[in-house]
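**Q** Would you be able to build a 3D model of this:
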Amino acid sequence: MPFKLSIFNKILILLCLLLVPIVLLYSYSNQVSTGVIEREINKSNGSRLSFFVGQLNATADQLWKAAFNLGSDPDASKLMFKSIRNASYDVLITKELIAAKADLQSNTFGWNNEFTIFAPGTGQTITTNSSLRYDVHHLQSDQTESWTYRSIATDHGEGYHFIRYLTEPYMKKLDLNKANLIIEVAFSANNISTMLDQLRHGSSGNPILYHPDYEPITGTSYDRELLGQVVEKLHALRLAPSGYTEIEINGKPYIVTYEKSKALGWYLVDYTPLGELLQPITDSRNLFYASTGLLLALSLLAAALLYRNVQMPVRELILSVRKLKRGDYSARVSAKTNNEFQYLFDQFNHMAEEIQRLIESVFSEKLRVREATLKQLQSQINPHFLYNSFAFIQSMAQLENKEAIIAVTQRLSKYYRYTTRVENQTGSLGEELDLIRNYLDIHAMKMHRLQYEIDMPDDMLSMTLPRLLLQPIVENAIVHGIERKPGPGMIRMTGSKQDGVTEIVVDDNGAGLDPDRLMQLAAKLRKSMDDDMGCGLWNIRQRLVHQFGSASDLCLEASPLGGLRVTIRIIE
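**A** You can find the predicted model right below:
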């Protein structure tokens with residue numbers, strides 16, 4: 001039988017087919033939206049960092065140009081002359097003028113910065129940093145023209161500064177023996193911290209200035225533990241001049257955007273928690289999934305209600321219909337519902353009850369007809385058997401064989417007294433065997449070649465059987481078996497009882513049946529009741545089944561004695 005989906009299963013599959021594409025489409029859309037937002041975030045962060053680095057580079061270059069202006073100033077070149085050591089009025093005025101120019105250059109910028117002009121030949125120093133005690137030992141011979149980062153003391157206290165040197169004449173690498181003037185320009189790292197605070201304002205990022213050889217420069221407020229983990233991640237990366245990457249810290253994703261400052265050689269790095277940026281999309285996604293889950297739960301609830309109120313009643317109705325189809329007319333729908341199915345159940349039960357009543361009525365009527373026929377047969381005297389018995393009595397009278405006449409009349413009277421008693425339809429196995437002995441004794445007196453054996457356990461003699469259940473079998477053995485075959489005739493009846501199965505076996509050595517005829521007769525016994533069906537062995541089997549149930553049976557097979565074996569099998 002091909003597999004067919006029920007309506008309930010089809011509805012569930014339809015729900016899944018409706019939900020799955022929606023979930024897949026939304027997941028794809030969410031993924032694309034997330035990718036677009038990440039790219040826009042990286043682009044925006046890159047623009048911000050590029051603008052910030054541009055400002056940083058521009059300010060550093062302006063400071064460097066201011067150092068050039070100081071170095072090329074004619075008054076500053078006077079510091080190289082030995083006459084500058086004099087304490088004359090002109091010398092003092094020159095130094096004051098140089099200091100004023102240095103202060104002017106320093107105050108031009110919004111950053112905290114320091115300018116220092118040093119003449120190695122004369123030891124003269126002009127500086128905006130009054131805390132500086134400048135001499136040859138203050139310089140480092142390995143300094144180049146690039147910006148360096150170290151701590152120095154200023155009027156505002158000691159702190160880290162970016163420092164760069166300019167020499168006159170110009171040298172890429174500082175040489176104290178050749179330099180006439182050395183101009184030192186320095187600006188505090190606090191300037192960058194202030195800019196980082198401004199850059200951070202209005203964004204969720206955390207900008208820092210990073211160099212692998214130094215501690216990072218940060219804003220005034222930051223998470224020290226998080227910064228340490230970010231720096232550790234940055235140490236493990238090979239940073240290009242600009243770009244972005246994604247890292248994970250404590251299970252949370254971060255977008256790291258960076259831009260290298262050409263002037264300072266440091267990286268401006270901004271690490272942004274991706275979760276906070278994508279929070280609206282995450283909330284929307286969670287809301288969608290929650291709505292989908294709620295919809296799925298409601299769908300499952302609706303499916304459960306549909307299954308309970310529709311599928312289960314339909315299944316109960318189908319099972320009951322199948323029982324009716326198999327012939328089980330006692331099938332009833334016991335389920336109780338509070339909907340339209342209850343009317344269907346009540347009507348089905350009423351219909352099944354009517355069908356069962358009609359079938360039982362018809363079957364009972366046929367059984368009553370059969371029972372009436374049986375009673376008629378029991379009440380009728382077999383003329384052939386009776387005439388033969390009278391003829392035998394007459395012959396014995398002519399021969400003046402009083403003993404034979406007495407024996408036949410006694411057995412004949414017992415036989416007909418039992419067969420014509422119709423008020424009770426059942427009897428014991430012992431009474432049936434007594435009837436058979438009387439019947440066989442009469443036949444043995446008329447037919448001296450007939451012999452019989454009855455071997456029946458004592459515990460079986462009290463069992464109740466339908467009356468005249470065994471006599472027709474013995475009669476068939478004599479009429480259709482032994483009388484049709486010359487020579488000695490033998491009828492043997494045996495019985496056994498084991499594990500709830502009782503068997504009564506009747507064997508004869510008569511003519512028997514060929515295998516084909518035996519199969520036809522066995523098949524005929526299992527046909528349904530009809531008007532043309534005879535009342536012989538078929539009737540015996542029907543009475544047996546009616547009395548003991550469908551598990552009991554009447555079986556035919558070849559007998560070991562050479563004739564036919566009839567077995568009555570009763571299963572209690």
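**Q** which residues of the stretch 201-350 of the chain fall in strands?
**A** 206-210, 242-249, 252-260, 267-273 (DSSP state E, counting those that start in this stretch).
**Q** so which of those is the most packed in?
**A** Across the strands of the stretch 201-350 of the chain, the average number of neighbours (mean count of other CB atoms under 10 Å) peaks for strand 206-210, which reaches a mean of 25. C-beta coordinates here come from the backbone N, C-alpha and C atoms, glycine included.
**Q** Just the mean pLDDT for that one, thanks.
**A** Mean per-residue pLDDT for strand 206-210: 89.
**Q** what's it packed up against?
**A** Under the contact criterion of 3 or more CB pairs under 8 Å, 6 or more residues apart in numbering; DSSP states H and E, strand 206-210 touches helix 189-200, helix 224-235, strand 267-273.
**Q** What residues of the first one count as buried?
**A** To tie it back to what came earlier, the one meant is helix 189-200. Neighbour-count burial for helix 189-200 flags A189, N190, N191, I192, S193, T194, M195, L196, L199, R200 (criterion: 16 or more other CB atoms under 10 Å).
**Q** Now pLDDT and distance to G427 too, for those residues, in CSV please.
**A** Below are those laid out as CSV (pLDDT from 0 to 100; distance: CB to CB, whole Å):
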residue, pLDDT, distance to G427
A189, 86, 125
N190, 87, 126
N191, 86, 127
I192, 86, 123
S193, 87, 121
T194, 86, 124
M195, 86, 122
L196, 85, 118
L199, 82, 117
R200, 81, 113
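**Q** among the residues you listed, which two are most distant?
**A** The span of the buried residues of helix 189-200, defined through CB to CB, is set by A189 and R200 at 16.1 Å.
**Q** just to revisit the earlier point, same list (the helices and strands packed on strand 206-210) but as a markdown table, adding distance to Q542.
**A** As requested, those are exported to a markdown table (distance: least, CB to CB, whole Å):
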| stretch | distance to Q542 |
| --- | --- |
| helix 189-200 | 103 |
| helix 224-235 | 95 |
| strand 267-273 | 91 |
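**Q** among those, which is nearest V20?
**A** Closest approach to V20 among the helices and strands packed on strand 206-210 (CB to CB): strand 267-273, 32.7 Å.
**Q** Just the residues contacting that closest one, thanks.
**A** Residues outside strand 267-273 that contact it (CB atoms under 8 Å, 6 or more residues apart in numbering): 41, 45, 48-49, 52-53, 56, 199, 203-211, 216, 230, 234, 239, 247, 252-261.
**Q** Was I right to think G549 contacts I571?
**A** Yes - using CB atoms under 8 Å, G549 makes contact with I571 at a distance of 7.1 Å.
**Q** Counting neighbours, go ahead and name the busier of the two.
**A** For G549 versus I571, the count of surrounding residues by other CB atoms under 10 Å is larger for I571: 14 against 11.
**Q** got the phi/psi numbers for the more buried one?
**A** Main-chain dihedrals, I571, degrees, to the nearest 10: phi -110, psi 120.
**Q** Tell me who's in contact with it.
**A** Neighbour list for I571: G500, V501, T502, F548, G549, A551, S552 [criterion: CB under 8 Å, 6+ apart].
**Q** Not counting residues beside it along the chain, what's closest to it?
**A** Counting by CB to CB, 6 or more residues apart in numbering, I571 lies nearest to A551, which is 4.2 Å off, once chain neighbours are set aside.
**Q** The contacts of I571 in strands, which ones?
**A** Among these, the ones falling in strands (DSSP state E) are V501, T502.
**Q** I'd like the contacts of I571 written out as a markdown table, with distance to A102 added.
**A** Compiled in a markdown table, the contacts of I571 are given as follows (distance: CB to CB, whole Å):
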| residue | distance to A102 |
| --- | --- |
| G500 | 126 |
| V501 | 129 |
| T502 | 134 |
| F548 | 131 |
| G549 | 127 |
| A551 | 125 |
| S552 | 130 |
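**Q** Ranking by neighbours, what's the top pick from the contacts of I571?
**A** Among those, the one with the most neighbours (other CB under 10 Å) is T502, at 20 neighbours.
**Q** Any stretches of the stretch 351-500 of the chain with poor pLDDT?
**A** Across the stretch 351-500 of the chain, the ranges flagged by pLDDT under 70 are 367-388, 399, 420-424.
**Q** What helices and strands are in contact with the lengthiest strand in the chain?
**A** In the chain, taking DSSP E as the definition, the longest strand is strand 157-168. Here strand 157-168 touches helix 7-71, strand 148-154, strand 181-188, helix 189-200, going by 3+ CB pairs under 8 Å, 6+ apart.
**Q** So which residues of the stretch 251-400 of the chain form helices?
**A** Remark: helices assigned in the stretch 251-400 of the chain by DSSP state H, counting those that start in this stretch are 274-277, 279-306, 312-326, 341-379, 383-398.
**Q** Fine, thanks again, bye for now.
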